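**Student:** just the structure for this:
(one chain, ligands or ions: 1)
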Amino acid sequence: MNKRSIKNADVSGKKVLVRVDFNVPMRDGVISDDSRIRAVLPTLNFLKDGGAKVVICSHFGRPNGQVVEEMRLRPVRERLSELLGVSVADAGGPNSEHAAHVILSLSSGEFALLENLRFEFGEEKNEEDFSKQLASFADLYVNDAFGVAHRAHASTVGVTEYLPSYAGFLMERELEMLGRSLGRSGGATIAIVGGAKVADKIQVLRHVSEKVDTILVGGGMVAAFYVAQGLSGGAVVVSDEDVSAARELLDSDGANVVIPADVITAPEFNKNSLATVHDSSEVPEDEKILDIGPRSSQEYGRIISIADTIIWNGPMGVFEWPEFANGSISIANAVARNKKAVSVIGGGSTADLVGSLGLIDNFTHVSTGGGASLEFLEGKILPGVAALDEAVE
Ligand code: AMP
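**Tutor:** Next up is the predicted model:
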């Protein structure tokens, strides 16, 4: 990979600004899942062991340029201190005098955490002054925040104009694994694409169609694919645009697109609505498709079992409701069972799903970035990644 790796930087005695994604799920001030914090420990420990003075920065939530008390990073700093086994100093807001003072007094191997970057307007606007302010704290910059790599903000893009910049270990792994999942390994490559709407996934489908052998379709998109084949898509209104997009994919020379042979439908979009199995040719006009059916799960499972590379983005049905979760659970288990394959789970709801099933350790990689992995799979250039290539020497 051509991103400059932190492995190659001499960090001893240097002040290093590290952008991480500590936008962790939190309930009443308590972190309910600390995996985003754990995910950057290799980079932070590497910097500590290398004798750097480490200045960490992150956003949290959407405070829109205002200080919002519930969005302070204190709970994250406390959890991070526990995980690192050393106290992480509170540097306060990047524009405060306190920050400059705390950072100046850091010794090699010590950490400080700046307050939520999005308390400042300059962050999301990628303002020059704010980027310079962040850069003023350090000699080097490391981006380990894959989750915000699709955003051109001061701490992901602006700052790279002023500091030699490197990719952290998490950023490297995300790019390597997502890249490998679309990389034509030589074996059978498949993409499993689900989720709520065609509009959200059409770019992913188009892009992966050129990269993989087979696409297994699930989720709310199934209706458009059925209509494109002259079948009933059920009660959900499918736009002409979605139908033509589906037809274009079915007719294209790209990947073989597999649509479910049966589905689970219900009269209402409702947790307790009566679930029934229907063959693809017999979807009632007045019912909504809410999951793939058991035959489809079996067929998809067979295709998954012989794949060498698997990329999965988007659940097969409304997995939040038990009656409509079986398709997604069955696919998650099938991917987990294929131990010989490189299996990559796109972030967001698919990562939540495999996390809730306790299956995370069964995949080669589970992305920490929802929006970022989606844009990667759409074939877009991620500004935070491009900026590392173009950064000052
Ligand atoms: P995404 O984040 O785009 O992958 O979409 C995830 C969402 O898609 C989940 O919240 C699912 O409930 C929803 N979803 C999956 N299948 C369907 C379906 N058949 N109809 C409506 N929503 C669905």
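**Student:** CA only for contacts and neighbour counts going forward, please
**Tutor:** Noted.
**Student:** how near is the residue nearest to Thr156 when sequence neighbours are not counted to Asp262?
**Tutor:** Excluding the flanking residues, the one nearest Thr156 by CA to CA, 6 or more residues apart in numbering is Gly384, at 5.2 Å. Distance of Gly384 to Asp262, given as CA to CA, to the nearest Å: 41 Å.
**Student:** outside of the strand or helix carrying the residue nearest to Thr156, which residues touch it?
**Tutor:** With secondary structure defined by DSSP states H and E, Gly384 is part of helix 383-390. The contact list for helix 383-390, computed with CA atoms under 8 Å, 6 or more residues apart in numbering, reads 2-4, 143, 148-152, 156-157, 160, 165-167.
**Student:** export that helix to CSV, keeping only CA atoms.
**Tutor:** What follows is helix 383-390, C-alpha atoms only, in CSV (Å, rounded to 0.1, in the frame of the first residue of the first chain):
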residue,chain,number,x,y,z
PRO,A,383,-10.8,12.4,1.3
GLY,A,384,-9.1,11.4,4.5
VAL,A,385,-7.2,8.7,2.7
ALA,A,386,-6.3,10.8,-0.3
ALA,A,387,-5.0,13.5,2.0
LEU,A,388,-2.4,11.2,3.5
ASP,A,389,-1.0,10.7,0.0
GLU,A,390,-0.9,14.4,-0.7
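**Student:** quick check: mean pLDDT across it?
**Tutor:** Mean pLDDT, computed over helix 383-390, is 93.
**Student:** and it, how far out from the chain's middle?
**Tutor:** 18 Å (CA atoms, centre = their mean, to the nearest Å).
**Student:** and the contacts of whichever strand or helix holds Glu241?
**Tutor:** In the assignment (DSSP H and E), Glu241 maps to helix 240-251. Under the criterion CA under 8 Å, 6+ apart, residues 198-199, 202, 205-206, 209, 224-225, 227-229, 256-257 lie in contact with helix 240-251.
**Student:** what does the protein put close to the ligand?
**Tutor:** Residues of the chain lying close to the ligand by CA under 6 Å from any ligand atom are 194-196, 219-220, 289-291, 314-320, 348-349.
**Student:** strands - which of these land there?
**Tutor:** Among the residues of the chain next to the ligand, the members falling in strands (DSSP state E) are Ile289, Leu290, Asp291.
**Student:** how far away is the first one from Asp262?
**Tutor:** Think Ile289. For Ile289 relative to Asp262 (CA to CA), the value is 10 Å.
**Student:** tell me, what's touching those two both at once?
**Tutor:** With contacts taken as CA under 8 Å, 6+ apart, not a single residue reaches both Ile289 and Asp262.
**Student:** if you count what's nearby, which of the two comes out ahead?
**Tutor:** Higher neighbour count among Ile289 and Asp262: Ile289, with 32 against 21, using other CA atoms under 10 Å.
**Student:** skipping its backbone neighbours, what lies nearest the more buried one in space?
**Tutor:** Spatial nearest neighbour of Ile289, chain neighbours left out: Thr265 (4.4 Å); criterion: CA to CA, 6+ apart.
**Student:** what number of residues lie near the one you found?
**Tutor:** As a burial measure, Thr265 scores 26 neighbours (other CA under 10 Å).
**Student:** contact partners for it?
**Tutor:** Counting by CA under 8 Å, 6+ apart, the residues that Thr265 touches are Ala275, Thr276, Val277, His278, Val283, Glu287, Lys288, Ile289, Leu290, Asp291.
**Student:** how about it, secondary structure?
**Tutor:** Three-state assignment for Thr265 (DSSP: H, G, I helix; E, B strand; the rest coil): strand.
**Student:** relative to Phe324, how far out is it?
**Tutor:** 9 Å.
**Student:** buried residues of stretch 385-393, list them for me.
**Tutor:** In terms of neighbour count (16 or more other CA atoms under 10 Å), stretch 385-393 has its buried residues at Val385, Ala387, Leu388, Asp389, Ala391.
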